[in-house]
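In: quick one: sequence plus predicted model below, questions after.
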Amino acid sequence: EDLIDDGEEIERSTRRDPITVPRVINLQYYDTEGGLTADKQTSDRSLDSRSVSENTTETTVIMRANDAAKVAVISHKVAIEEQRGEKKFSLPDSWLELTTADVILLDGERLRITECEIDDGQQNYKAVYDRASAYETEIQGIPISEPSEPPGLVISESRMEFIDSHILRSSDDTLGYYVAVSSVGLNWTGAVVEISKDGGANWIDSDSTTSNAVMGSLTAPLPAHTHWYRDDVNTLTVQLLRDDMELIPATMTEMLNRANLALIGDELINFSGANQISETEWELTGLLRGRKGSAAVSHSSGERFVLMDQLSLAFVEAELFELNRELTFRVTSFGLTDGPTTTVTFLGRSQQERQPAYLKAVRSGSNLNVSWQGVGRLGGGASVAMGAYFTGFRITLGASTWTTTDRFITIPYAAGTLSVQQINSITGLGPAATVTV
């Protein structure tokens, strides 16, 4: 009844288009359980498909996730109610106590005062539609992700494994070895590997890397097993260097295509099952033993484990005079001036020939017909080739020897042990295949 008529209308009402209400409202805030990075809670409205806008509000107030989510949702609900319109009206001085943010009832509608202008003998108000239920919500906030620890200032030391093994790819068909490097901690950007050929008196750069190889050690002994069929009896238990290293299972077909190739001691294996039993400890099952001609032997706890991933290994070509000599290596993390050293004897396994297969000897009168199949070091499956330094086969029977590049030879018969070996121009004779005649 106290509304004042200013000569136009006692009250005026305007309505906004619903499209003006943002479809998404974001609230960026600092969570009580978070770090220094701002977190975000979101309210998404799909009532009006025409609205595609997004509004983001920032606050320096430290809040909990649930409270921040409620603020975002309530802000959205209030904005939806406000789009119903705005009313303007005037009241005499007897209503002077009304001020901005007060909630009133006018003509049965709930309004919230947004603006108050004091004039002679009256106050001019602007108010928007308001709804009590807009301030109620049971929304639960999205919990913040656990803040990560800032990187340490202490540079992590590096670990290096010298791998004198069969080559992993045909392009490495020369005298050389592989180097695997990994860091002990996370604060690491790479390392340089140096080699000394005089026992550590002088050092020269051998290789540098920024790739972390997956490596560790055995935590339990592993018995020997034949390489002729899959080892489903024994379980290989390994402890990796860091908890962010992981191993992935592989099928039998994938293993035969060189997936999950690993080194334990000096034996190359493939593993099928990979079960994580703690942050850094894994159980590996379904083993293919003695791969690429390596010896399938027993292993003790503490022996090395290296995942033979070509992307994390470096192949270093060696000089001929280094063969069968002791080499000393030092690995130093970038940012450090020194690192651990290791001394090894280089045997040149990258050029050691494989044992021939399917050796057969048939007597024919006074002669012996001998046949075999050469085993190449290059390729795989049905596409296999002998290496660049392969020069032929050595056949031995008693005190007599023959050399040929063929896979068949006829020699005089004599009782005894017949052996066939592949010959490499760098490393000499490989392991022998034998048969008693």
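Out: Cool, the structure landed.
In: which residues touch the helix ranked longest in the chain?
Out: Ranked by residue count, the top helix of the chain under DSSP state H comes out as helix 65-82. With Cβ atoms under 8 Å, 6 or more residues apart in numbering as the test, helix 65-82 has contacts from 16, 18, 21-22, 25-27, 29, 31, 33, 39, 41-43, 45, 47, 57, 63, 128-131, 133-135, 137, 139-144. In this view, the C-beta of every residue, glycine as well, is placed from N, C-alpha and C.
In: show me which of those residues are buried.
Out: Neighbour-count burial (16 or more other Cβ atoms under 10 Å) is assigned, among the contacts of helix 65-82, to 21-22, 25-27, 29, 31, 39, 41-43, 45, 63, 128-131, 134, 137, 141, 144.
In: need the contact list for Leu263.
Out: 161, 163, 165, 269, 304-306, 308.
In: I meant Asp406, not that one.
Out: Each residue near Asp406 by Cβ under 8 Å, 6+ apart is listed here: Phe393.
In: for my notes, confirm it occurs in a strand.
Out: No: secondary structure of Asp406 (DSSP: H, G, I helix; E, B strand; the rest coil): coil, not part of a strand.
In: which element is the closest residue to Asn26 other than its chain neighbours on?
Out: Once flanking residues are discounted, Asn26 sits nearest to Thr56: 4.2 Å by Cβ to Cβ, 6 or more residues apart in numbering. Assigned by DSSP states H and E, Thr56 belongs to strand 54-63.
In: what average pLDDT does that strand get?
Out: For strand 54-63, mean pLDDT rounds to 88.
In: ok, stretch 364-371 next?
Out: 94.
In: buried sites along stretch 223-233?
Out: So stretch 223-233, judged by 16+ other Cβ under 10 Å, has buried residues 225, 227, 230-231.
In: err, stretch 337-352, not the other one
Out: Buried residues in stretch 337-352 (16+ other Cβ under 10 Å): 339, 346-352.
In: list the buried residues in stretch 427-437.
Out: In stretch 427-437, the ones that count as buried by 16+ other Cβ under 10 Å are 427, 430-433.
In: quick one: which two of those are the most distant?
Out: Based on Cβ to Cβ, the longest span within the buried residues of stretch 427-437 runs between Thr427 and Ala433 and measures 17.3 Å.
In: wait, Arg304 touches Val238, no?
Out: No: taking Cβ atoms under 8 Å as the definition, Arg304 is not a contact partner of Val238, at 9.5 Å.
In: the two: which has the busier surroundings?
Out: Taking other Cβ atoms under 10 Å, Arg304 and Val238 do not tie; Val238 has more neighbours (27 against 19).
In: ok, the helix or strand that one falls within: who's next to it in the sheet?
Out: Using DSSP H and E, Val238 sits within strand 236-240. Sheet pairing of strand 236-240 (DSSP bridges) gives strand 215-218 (antiparallel), strand 281-285 (antiparallel).
In: CSV for those strands, including mean neighbour count?
Out: Below are those laid out as CSV (neighbours: other Cβ atoms under 10 Å):
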stretch, mean neighbour count
strand 215-218, 20
strand 281-285, 19
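In: okay, these in TSV with distance to Ile423 and mean pLDDT next?
Out: Output for the strands paired with strand 236-240, formatted as TSV (distance: least, Cβ to Cβ, whole Å; pLDDT from 0 to 100):
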stretch	distance to Ile423	mean pLDDT
strand 215-218	34	95
strand 281-285	36	95
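In: now render those strands as JSON lines, adding distance to Ala250.
Out: Output for the strands paired with strand 236-240, formatted as JSON lines (distance: least, Cβ to Cβ, whole Å):
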{"stretch": "strand 215-218", "distance to Ala250": "18"}
{"stretch": "strand 281-285", "distance to Ala250": "10"}
